[in-house]
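Q: need coordinates for the following:
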Amino acid sequence: MGLRDLCKDWELLIQCISTKNIRSGALFQGRFKSIHVDSNDYLLYLSAYISKNYFIHGLGQEDWKYASLVEYKNIQLEAFSVCKTDLILDQFKNLNEYLEFVDKNAIYLKEQKENRK
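A: Next up is the predicted model:
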């Protein structure tokens, strides 16, 4: 069995799973929510939420290596960055001010989440 046959078998398996589960798109595609960001305040709120999502949902205290916050902290690696950090960071005096904003909002959001339980 060659690579070509393996790929055909994989495609057939994906089609069967998709048909059985009445779904479309990539097999491992997760749910996501699309929203309209209609204000700068909401943009900053979302930035804080996304940057500390792992903390808010109890996945750990330390910076998560998959979170976008890593890109904000490693500005020198901007050439390899996925995030356009300047859109957010230009609104703060410096990186530390942004990090304080993120931490403060993450603590608030975590408390709100826990109060809803």
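
Q: what pLDDT does the model give Lys8?
A: Model confidence at Lys8, given as pLDDT, is 66.

Q: ugh, wrong one, His36
A: 86.

Q: then Asp86?
A: 85.

Q: please apply the same query to Gln76.
A: pLDDT, Gln76: 52.

Q: check contacts around the closest residue to Leu109 other than its chain neighbours.
A: Closest residue to Leu109 apart from its sequence neighbours, by C-beta to C-beta, 6 or more residues apart in numbering: Ile56 at 4.9 Å. C-betas here are computed from N, CA, C, even on glycine. Ile56 sits next to 49, 106, 109-110, 113 when contact means C-beta atoms under 8 Å, 6 or more residues apart in numbering.

Q: with Leu43 instead?
A: 37, 87-88.

Q: quick revisit: how near is the residue nearest to Leu109 to Asp90?
A: Using C-beta to C-beta, to the nearest Å, we find Ile56 at a distance of 25 Å from Asp90.

Q: so where's the protein shaky on pLDDT?
A: 1-10, 13-14, 16-18, 20-33, 61, 63-64, 75-81 (pLDDT under 70).

Q: who wins for neighbours among the contacts of Leu43?
A: In terms of neighbour count, Ile88 stands highest of the contacts of Leu43 at 21 neighbours, by other C-beta atoms under 10 Å.

Q: Asp86: what's it in contact with?
A: Asp86 neighbours (C-beta under 8 Å, 6+ apart): none.
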